[in-house]
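Undergrad: All I have is the shape, not the residue letters:
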């Protein structure tokens with residue numbers, strides 16, 4: 001009972017999932033993790049790589065990505081050629097297009113995509129014509145769409161093991177007002193708070209997974225979304241204490257006692273990316289809470305009409321901004 005309650009409020013339900021023991025050998029597989037240079041993205045990269053997977057770190061900062069690769073190379077020297085920096089800026093459509101083209105040119109397969117990158121509780125701003133937090137969804141849509149032929153090709157050749165697409169959302173999707181994806185103006189509208197706009201983007205991460213899985217229902221591809229947990233990372237501390245040095249110090253000193261560790265926070269997306277159980281239980285188009293447990297979203301997260309409206313709007317925005 002306490003575990004179920006903990007998951008509902010954003011903390012771990014205590015389910016045991018041993019990444020080292022429960023992930024299969026991933027030798028020969030190829031993965032992309034956006035935002036893979038830090039936090040739970042970095043831990044996800046490490047987990048897949050340790051199991052033999054070639055992993056692309058799709059990041060905005062080459063310096064941070066190279067530093068992340070160097071840190072991993074020290075842990076297991078001789079395997080660094082299986083870690084590749086892939087330039088990717090979530091808020092830049094040409095970057096998404098180029099990243100997809102690079103993958104298609106360099107790889108004959110793509111088994112796993114973890115859409116992990118994102119920003120949280122950002123002040124209102126239009127970035128390239130789109131509310132900046134909405135890029136948490138739109139940048140990933142722009143990356144995944146051109147990769148679908150490669151993902152489908154891999155799925156047909158991967159035998160019983162499915163290709164995985166993992167959309168990192170948040171329990172903050174419950175902060176979203178009633179979704180209106182009828183137009184870019186509706187998405188860009190000012191809301192009651194930055195958390196409402198963040199909630200809209202995290203709701204979009206869920207609805208994207210729903211709409212994408214519907215389009216891939218006849219493919220050996222499993223698309224799922226998740227809330228990783230309330231985690232002790234810079235993503236969590238930054239928005240809450242920005243401009244408040246004393247509060248930042250207090251947060252740094254105390255949050256490790258109250259929040260989930262990054263290692264636990266990464267477990268649900270690692271599970272969805274590579275656990276055999278996802279195939280065994282045929283998990284498709286679902287939402288998970290920590291650790292690795294299916295759960296219900298808000299009513300808005302179950303709205304298939306909203307999911308379709310979001311998909312069409314995203315396609316239109318990408319086309320409009322690319323011309």
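TA: Okay, I see it. Please read these numbers as outputs of a predicted model, since none were measured by experiment.
Undergrad: where does the helix or strand hosting residue 211 sit relative to the chain's centre, distance-wise?
TA: Take DSSP states H and E as the rule and residue 211 turns out to sit in helix 194-215. Centroid separation between helix 194-215 and its chain, computed with Cα atoms, centre = their mean, to the nearest Å, is 11 Å.
Undergrad: what do you get for stretch 48-63?
TA: For stretch 48-63, the distance to the chain centre is 14 Å (Cα atoms, centre = their mean).
Undergrad: Which positions within the helix holding residue 211 qualify as buried?
TA: 194-195, 197-213 (16 or more other Cβ atoms under 10 Å). For glycine as for every other residue, the C-beta is placed from the backbone atoms N, C-alpha and C.
Undergrad: same question, stretch 290-299
TA: Buried, per 16+ other Cβ under 10 Å, within stretch 290-299: 290, 291, 292, 293, 295, 297, 298.
Undergrad: and which of the residues you listed is nearest residue 222?
TA: Proximity of those to residue 222 (Cβ to Cβ) peaks at residue 292, which lies at 13.8 Å.
Undergrad: Spatially nearest residue to that closest one, not counting backbone neighbours?
TA: Leaving aside its sequence neighbours, residue 292 sits nearest to residue 271 (Cβ to Cβ, 6 or more residues apart in numbering; 4.0 Å).
Undergrad: residues touching the one you found, list them.
TA: By Cβ atoms under 8 Å, 6 or more residues apart in numbering, residue 271 lies in contact with 17, 277, 278, 288, 291, 292.
Undergrad: where does this protein dip in pLDDT?
TA: 1-10, 233-258 (pLDDT under 70).
Undergrad: ranges for the helices of it?
TA: Assigned by DSSP state H, the chain shows helices spanning 2-8, 19-22, 39-50, 62-75, 93-106, 135-157, 184-188, 194-215, 234-241, 245-258, 262-274, 276-280, 304-322.
Undergrad: quick one: contacts of the fourth one?
TA: It refers to helix 62-75. Contacts with helix 62-75, where a contact means Cβ under 8 Å, 6+ apart, come from 36-38, 42, 45-46, 49, 57, 59, 79-80, 83, 85, 87.
Undergrad: can you check the shortest one too?
TA: Residues lying outside helix 19-22 but in contact with it, judged by Cβ under 8 Å, 6+ apart, are 47, 50, 267, 270, 275.
Undergrad: Which one of these sits in the busiest neighbourhood?
TA: Neighbour counts for these, by other Cβ atoms under 10 Å, peak at residue 267, which reaches 30 neighbours.
Undergrad: can I get the buried residues of stretch 290-299 in a markdown table with distance to residue 117?
TA: Below are those laid out as a markdown table (distance: Cβ to Cβ, whole Å):
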| residue | distance to residue 117 |
| --- | --- |
| 290 | 19 |
| 291 | 21 |
| 292 | 21 |
| 293 | 24 |
| 295 | 23 |
| 297 | 21 |
| 298 | 23 |
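Undergrad: Would you mind confirming that residue 297 makes contact with residue 287?
TA: Yes. The pair residue 297 / residue 287 is scored as a contact, 4.7 Å apart, by Cβ atoms under 8 Å.
Undergrad: thinking again about what came up before, of the contacts of residue 271, which pair is most distant in space?
TA: The span of the contacts of residue 271, defined through Cβ to Cβ, is set by 278 and 291 at 13.8 Å.
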